[in-house]
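Q: could you work out the structure for the sequence below:
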Amino acid sequence: MTSRPHPPEPAPKLDLNIMMFARLLRAVGMKPGPAATLDAIEAVQLVGVESKSSLFHALSSCFVKRREDSHLFEQAFYLFWQNPRFQERLRNLLIPQIKSPFESDEAEDPMLRRLEEALGNPSAPPPGQKETEEIEIDASGTASDLELFQAMDFRMMSVEEIREAERAISRLNLHLPEKLSRRISPDTRGSRIGFQQSLREARRLGGMVLPKTVRRRREPRPVVALLDISGSMENYSRIFLHFLHVLTHQHRDVTTFLFGTKLTNITRQLRYRDVDDALKSVAGAADDWSGGTRIAESITHFNKYWSRRVLGRSPVVLLITDGLDRQHDTALEHEMERLHKSCHQLIWLNPLLRYEKFAPKSVSIRAMLGHVDAFRPIHSLASMEDLITSLGTITQRQDTELASWQRLARLHGKIPEGNTGTVMGTA
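A: This next block holds a predicted model:
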């Protein structure tokens, strides 16, 4: 009886390297389990290590389970498997602070910062080393640190800071705008006399009619959100989805759409109570993540197929995008005007306003600015809280800060088309 052939022996320390690589991925926010690690070892044994491309795809097929982890995996793979100095640093996980050997231009990448943080903050001591009790002083709750964290740009946050920001967003208390309802309720200080209420009371009093005053009820105004998920918004899309998830569960009438190269309705997916289940469902609903931006086509599709369904009760529309359209379509201004006239308020939330030297030089931004009621930044917890505060106070059709942006856009509209583009300074 012949025995089954044994699988080929792994290369020296290959399994240890893959286990160390999986540990690095877990430290930077991915979730490769033991089964994925064993599958990765077996996959690498089958394809070999002679080709970097085959090694990359073998490991990616086992470790990458979410679309948003693709870029992070690419950065980690390049540093771990192609940079020997990085592997030396990985073996020194116990050093509390490590000076980065990379150049300053690479350290500015937020993805690389997450990898740097993972190396400098080990989650557990190596086997054989006893844990020592240390006395630590927690200064994270000081006013200065809290202010810095509130003003920090989302794209510059580390993994732990992003998790803390998500927890802070889940605790937000939204102040939504209200509108007068057609329904009425009894009110002793009301300015109207309710004839039905008065006659109903007269039946109880034996026919004696006493006037009953009423007032119109107030109810939260519906909200429609349009979120850009193109490549230029990649660093903000996930944190904005957390905000929209909170908004959906604190407000009974919220409709949410994603758009990149096409429009996707994710209202049903955001109604999951657990935010992780909701985001997982959202990731599977849209297939144009981190792609191009077709704002004009997306808004045209919304106006044609969704406008009458979701804009019938005069909602507030939140347009979350940087305004950098892939195509300079002349229909963008017309569709923005149509959207503006169909809703109560159109509020444009643009993360590019985080730059002090931002100027509306892009053709698409100039076309959109003329048809919004407010133009606000949305790049940090502080800007998000300012938005929540202002949602209930913007009552005029024209925002006071918007007029200056529109004048600046008209000024830049005189420059030649060949020089158009967004000018961005330092944060």
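
Q: so who does Ile295 touch?
A: Residues in contact with Ile295 (CB atoms under 8 Å, 6 or more residues apart in numbering) are Asp228, Phe259, Thr321, Gly323, Asp325, Leu332, Ser364, Met368. In this view, the C-beta of every residue, glycine as well, is placed from N, C-alpha and C.

Q: for these, which one is nearest Leu241?
A: Asp228 (11.8 Å; CB to CB).

Q: dihedrals phi and psi, that closest one?
A: Reported as degrees, to the nearest 10, the phi and psi values for Asp228 are phi -80, psi 130.

Q: residue contacts, it?
A: For Asp228, the contacting residues are Ser237, Phe259, Gly260, Thr293, Ile295, Ile320, Thr321, Asp322, by CB under 8 Å, 6+ apart.

Q: can you pull out the strands in the stretch 251-400 of the chain?
A: Counting by DSSP state E, counting those that start in this stretch, the stretch 251-400 of the chain has strands at residues 254-259, 263-265, 316-320, 345-350, 374-377.

Q: could I get these as JSON lines with distance to Lys212?
A: Shown next, in JSON lines, are those (distance: least, CB to CB, whole Å):
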{"stretch": "strand 254-259", "distance to Lys212": "35"}
{"stretch": "strand 263-265", "distance to Lys212": "44"}
{"stretch": "strand 316-320", "distance to Lys212": "34"}
{"stretch": "strand 345-350", "distance to Lys212": "35"}
{"stretch": "strand 374-377", "distance to Lys212": "40"}
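
Q: narrow the contacts of Ile295 to those in helices?
A: Among the contacts of Ile295, the members falling in helices (DSSP state H) are Leu332, Ser364, Met368.

Q: make a markdown table out of those residues and add distance to Leu241 and neighbour count.
A: Listed next are these as a markdown table, based on distance: CB to CB, whole Å; neighbours: other CB atoms under 10 Å:
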| residue | distance to Leu241 | neighbour count |
| --- | --- | --- |
| Leu332 | 25 | 24 |
| Ser364 | 23 | 25 |
| Met368 | 22 | 30 |
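
Q: any idea which of these the model trusts least?
A: Lowest pLDDT among those: Ser364, with 87.

Q: just give the nearest non-adjacent residue to that one, would you?
A: Using CB to CB, 6 or more residues apart in numbering and skipping residues adjacent in sequence, the residue nearest Ser364 is Asp325, 3.7 Å away.

Q: what is the longest helix seen in the chain packed up against?
A: Secondary structure of the chain read by DSSP H shows that its longest helix is helix 234-250. The contact analysis (3 or more CB pairs under 8 Å, 6 or more residues apart in numbering; DSSP states H and E) places helix 234-250 against helix 159-170, strand 223-228, strand 254-259, helix 275-285.

Q: out of the ones you listed, flag the one nearest Ser342.
A: Comparison of those against Ser342 by CB to CB identifies strand 223-228 as nearest, at 9.9 Å.

Q: parallel or antiparallel, list what pairs with the closest one.
A: If you go by DSSP bridges, strand 223-228 pairs up with strand 254-259 (parallel), strand 316-320 (parallel).

Q: could you dump the ones you listed to a markdown table with mean pLDDT and mean neighbour count?
A: Below are the strands paired with strand 223-228 laid out as a markdown table (pLDDT from 0 to 100; neighbours: other CB atoms under 10 Å):
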| stretch | mean pLDDT | mean neighbour count |
| --- | --- | --- |
| strand 254-259 | 94 | 23 |
| strand 316-320 | 93 | 24 |
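
Q: distance to Leu241 for the ones you listed - can I get that in a markdown table?
A: Shown next, in a markdown table, are the strands paired with strand 223-228 (distance: least, CB to CB, whole Å):
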| stretch | distance to Leu241 |
| --- | --- |
| strand 254-259 | 9 |
| strand 316-320 | 10 |
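
Q: shaky segments in the stretch 101-250 of the chain?
A: The model of the stretch 101-250 of the chain has pLDDT under 70 over residues 101-145.

Q: give me the neighbour count for Asp288.
A: Asp288 is flanked by 18 other residues according to other CB atoms under 10 Å.

Q: that one and Trp306: what is the separation?
A: Distance, Asp288 to Trp306, using CB to CB, to the nearest Å: 17 Å.

Q: what does Arg203 give?
A: As judged by CB to CB, Arg203 and Trp306 stand 47 Å apart.

Q: which of those two has more residues huddled nearby?
A: More crowded of Arg203 and Trp306, by other CB under 10 Å: Trp306, with 16 against 9.

Q: list the contacts for the more buried one?
A: Phe257, Leu263, Asn265.

Q: closest to Met384 among those residues?
A: Distances from Met384 to these, taken by CB to CB, are shortest for Phe257, at 19.5 Å.

Q: for the closest one, list each beta-bridge partner.
A: Leu226, Asn265.

Q: doesn't Phe302 make contact with it?
A: Yes - in this structure, Phe257 is within contact of Phe302 by CB atoms under 8 Å, at 6.7 Å.

Q: what touches both of the two?
A: Leu226, Leu263.

Q: which parts of the host helix or strand of Ser53 are buried?
A: Following DSSP states H and E, one finds Ser53 within helix 52-63. Under the neighbour-count criterion of 16 or more other CB atoms under 10 Å, helix 52-63 has Leu55, Phe56, Ala58, Leu59, Ser60, Cys62, Phe63 buried.

Q: make JSON lines out of these and add distance to Asn350 and pLDDT.
A: Shown next, in JSON lines, are these (distance: CB to CB, whole Å; pLDDT from 0 to 100):
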{"residue": "Leu55", "distance to Asn350": "41", "pLDDT": "86"}
{"residue": "Phe56", "distance to Asn350": "36", "pLDDT": "87"}
{"residue": "Ala58", "distance to Asn350": "41", "pLDDT": "87"}
{"residue": "Leu59", "distance to Asn350": "37", "pLDDT": "89"}
{"residue": "Ser60", "distance to Asn350": "34", "pLDDT": "88"}
{"residue": "Cys62", "distance to Asn350": "39", "pLDDT": "88"}
{"residue": "Phe63", "distance to Asn350": "34", "pLDDT": "88"}
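
Q: with that, I have no additional questions.
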